[in-house]
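[1] The sequence isn't on hand, but the structure is:
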């Protein structure tokens, strides 16, 4: 990071990235898979999870041992998950402010949305950059449905690649159609349970969000 980029980051506060996607697509698994390599790279990060009326995902991440539990904050949406990441992100903005005040020097806050449908998007008042997670078990036709999450996210993650032969999905076709509908915008293929395919996601965060070489 150049001195100019560092000063800009310091003035802005920690970068904020969103992780959205349908229920069961693997958002929390992706979050957990990203934490160790980012911490090992010296990136100071924190996590905000969103659930409907529980703190289930936050408690899972706190118990994981991957990150200091104090660096994990839960938001309970109390309504459709997209409400607090798009229509009125106040609760998430307050959670981010809390983390910044309590942990000076943070470079990155990862915000996981509650499980939502293909229309889920993040407000750019809340995040600087966001990814959308779909999984092959949800059906190979997901890219062809052209939901805003698939089309508009900065990075589309096709997760659970290992399940393709077991659920009758042509993974190569699904990925090709993802690239086609996104008009060349980046697509990553992952198997988060085994930590496969994460390199492209990590590189995107480092290069496009944190401006690291």
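    Great, that's in hand. Note that the coordinates shown come from a computational prediction; the quantities given were computed from them, not determined experimentally.
[2] When you work out contacts or count neighbours from here on, use the C-alpha atoms and nothing else.
    OK.
[3] can you give me the strands for the protein?
    Shown for the chain, the strands assigned by DSSP state E span residues 15-20, 45-51, 72-76, 108-112, 129-135, 155-159, 187-189.
[4] Give me the contacts around stretch 135-152.
    With C-alpha atoms under 8 Å, 6 or more residues apart in numbering as the contact definition, stretch 135-152 has outside contacts at 20-21, 25-26, 118-121, 132, 134, 156, 158-161, 163-164, 167, 169-171, 173-174, 177-178, 181-182.
[5] List buried residues within those.
    With burial judged by 16 or more other C-alpha atoms under 10 Å, the buried subset of the contacts of stretch 135-152 is 20-21, 25-26, 118, 120-121, 132, 134, 156, 158-161, 164, 169, 171, 174, 177-178, 181-182.
[6] still on that earlier bit, return the most buried member of the strands of the chain.
    Comparing the strands of the chain by mean neighbour count (mean count of other C-alpha atoms under 10 Å), strand 155-159 comes out on top with a mean of 27.
[7] Same list as before, the strands of the chain that is, but in CSV and with distance to residue 85 and mean pLDDT included.
    Listed next are the strands of the chain as CSV, based on distance: least, C-alpha to C-alpha, whole Å; pLDDT from 0 to 100:
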stretch, distance to residue 85, mean pLDDT
strand 15-20, 9, 98
strand 45-51, 9, 96
strand 72-76, 10, 96
strand 108-112, 9, 98
strand 129-135, 11, 98
strand 155-159, 17, 98
strand 187-189, 22, 98
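[8] between the ones you listed, which one is nearest to residue 38?
    Among those, strand 45-51 comes nearest to residue 38, with 8.0 Å by C-alpha to C-alpha.
[9] and that closest one, what does it pack onto?
    Counting contacts by 3 or more C-alpha pairs under 8 Å, 6 or more residues apart in numbering; DSSP states H and E, strand 45-51 is packed against helix 56-63, strand 72-76, helix 90-102, strand 108-112.
[10] Select, out of those, the one closest to residue 14.
    Residue 14 sits nearest to strand 108-112 of all the helices and strands packed on strand 45-51, at 4.8 Å, using C-alpha to C-alpha.
[11] Paired strands for the closest one, with orientation please.
    Sheet pairing of strand 108-112 (DSSP bridges) gives strand 15-20 (parallel), strand 45-51 (parallel).
[12] Any idea how far it is from the middle of the chain?
    7 Å (C-alpha atoms, centre = their mean, to the nearest Å).
[13] again, but for stretch 205-213
    Taking mean C-alpha positions (C-alpha atoms, centre = their mean), stretch 205-213 and its chain are 15 Å apart.
[14] buried residues in it?
    205-206, 209-210.
[15] for the residues you listed, which one is nearest residue 65?
    Proximity of those to residue 65 (C-alpha to C-alpha) peaks at residue 205, which lies at 22.3 Å.
[16] would you turn the helices and strands packed on strand 45-51 into JSON lines with distance to residue 192?
    What follows is the helices and strands packed on strand 45-51, written out as JSON lines (distance: least, C-alpha to C-alpha, whole Å):
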{"stretch": "helix 56-63", "distance to residue 192": "15"}
{"stretch": "strand 72-76", "distance to residue 192": "20"}
{"stretch": "helix 90-102", "distance to residue 192": "25"}
{"stretch": "strand 108-112", "distance to residue 192": "15"}
